[in-house]
Structure formats: C-alpha cells, structure tokens
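> give me a 3D structure for the following:
(one chain, ligands or ions: 1)
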Amino acid sequence: MDKPQLKWSEEQAQRIVRESYGAVIPKGLGVVENLYSADEIAWLPESVKGYALGLGNPIRYADLQPGEFVLDVGSGAGIDTFLAAKKVGSTGQVIGLDMTPEMLERARANQKLIGATNVEFRQGTMENIPLDDVSVDVVISNGVINLSAEKGQAFREFYRVLKPGGRLVFSDSVVNGQLPRSVLDSEAAFAG
Ligand SMILES: C[S@@+](CC[C@H](N)C(=O)[O-])C[C@H]1O[C@@H](n2cnc3c(N)ncnc32)[C@H](O)[C@@H]1O
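The predicted model follows:
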C-alpha cells in the first residue's frame, strides 16, 4: 500500500508556513533551555532566545571551523545563524535563509542588536536556494525540512550548493509509521 502523502503543493505549503511563522508569538525560554546549554546561549539577547523554534542543536555536531562559509536553512529569528557566526569568526560567513518576511525582519533586528558583521539574512526558499553551485562548506538546519512539501527538491538544493567534502547537519522531526489522513490534511498539524 502506498504511504499517504501530504496533499499540499509547494506553493500551498509555503503559504501555510508563511502565515503560521509570520504570526508566531514567542512562548518563553522553554525551547532554548531544552536544546542549548547555558554556556552556549548566555551571550544572546532575549529576542533571539525567546524565538528559538528548532528541534535540536545542529551547531553542536557541525564542527564549524574559523573561515567556513555556512548556510542556515530556515534561520527564523537567527539563533543558529548567530551561534555559527561566532564559531566561523571574522574570516568566515553565515547566510541565514528564510522565506517568511516577518522572520527576516526579526533576524535582521537581532543582527543589529548583536553587531554580527559576518552574517547576512537572505529571503528565499530551501527548494530554490539563492546561492551558487558548490559554494558552501556547511549546510545546517533546525526544524525546517519537515515544512517542505518537496523534500527531494530541498535535498537536491543542499547538495547543489555544497562543496565536495562539505557537511549537511540538521535536526528535524521524522515520522515512524503512518499519520492518519486527518493529521496529514491539517494546516495546524503541518506548521503548528
Ligand atoms: C520551526 S522554525 C525554525 C527556525 C530556526 N531554525 C530555529 O531553530 O529557531 C521554521 C522556519 O523555517 C522557515 N521556513 C519554512 N519553510 C521554508 C522554506 N520552504 N524555505 C525557507 N524557509 C522556510 C520558516 O519561515 C521558519 O522561520
């Protein structure tokens, strides 16, 4: 039997995500305190920590080195982008990619607050990444790939932009088994 699939087209999924993440309201420090150690995040302002919406801590496993060029896919308010920027230092650079204008606005305000000069937040989608082929040392992502209705296309894009020997390090949710049709068809379950 075929596995039930999401019914959303790429455009519909992106509309649902934009509406949901455009309006998202921070819910305290519970997520950030669960996923990051106090040492990792002590230097970050509340406006970054309160908007941590990820599912893990990819930076901890990415082994980022000074001078590397990093892409944070679905950067949200910027938490992993800023942590990566600290690791790669002034000779490295981090691109935070997000498709939701309100998230980019928050991230750019946070960048000003922190004074990170090796960071650029760019609007775009993981299914059509606005970067050259073979240009990135490390792709990171946290809680974002599950939001694509075209995951194969997103992975093709990650591998297109990665240099040979580059790394892809991401945290995400996976389904072990089958979700009922009522969950697959729920916008709230998809992007809630
Ligand atoms: C769950 S939040 C995670 C944000 C951030 N990675 C973190 O850990 O706080 C998901 C983010 O991915 C972005 N997003 C979802 N689908 C996307 C897509 N197709 N392309 C680019 N960004 C996307 C959303 O706008 C949102 O900011």
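> tally up the residues packed near the closest residue to residue 192 other than its chain neighbours, please.
Distances taken as CB to CB, 6 or more residues apart in numbering place residue 20 nearest to residue 192, at 6.8 Å, with adjacent residues excluded. For the C-beta atoms, the positions are set from N, CA and C on the backbone; glycine is no exception. Neighbour count of residue 20, defined by other CB atoms under 10 Å: 16.
> contacting residues for residue 20?
187, 191-192 (CB atoms under 8 Å, 6 or more residues apart in numbering).
> how close does it sit to the ligand?
8 Å (CB to the nearest ligand atom, to the nearest Å).
> ok but that residue is inside a strand, no?
No: counting by DSSP: H, G, I helix; E, B strand; the rest coil, residue 20 falls outside a strand, being helix.
> the strands in this protein, which residues?
Using DSSP state E, the strands of the chain run over 69-73, 93-98, 119-123, 136-142, 162-171.
> let me have these in TSV, extended by distance to the ligand and mean neighbour count.
As requested, the strands of the chain are arranged in TSV below (distance: least, CB to the nearest ligand atom, whole Å; neighbours: other CB atoms under 10 Å):
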stretch	distance to the ligand	mean neighbour count
strand 69-73	6	26
strand 93-98	5	26
strand 119-123	9	17
strand 136-142	4	25
strand 162-171	8	16
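> tell me the residues on this protein that lie near the ligand, please.
14, 17, 21, 52-54, 74-76, 79-80, 97-100, 103, 125-127, 142-144, 147-148 (CB under 6 Å from any ligand atom).
> drop anything exposed from the residues you listed.
Buried members of the residues of the chain next to the ligand, scored by 16 or more other CB atoms under 10 Å, are 14, 17, 21, 52-54, 74-76, 79-80, 97-100, 103, 125-127, 142-144, 147-148.
> for this protein, which spans come out with low pLDDT?
By pLDDT under 70, the low-scoring segments of the chain are 1-4.
> residue ranges for the helices of it, please.
With helices called from DSSP state H, the chain shows them at 10-22, 30-35, 38-41, 46-49, 59-62, 79-88, 101-114, 151-161, 181-184, 187-191.
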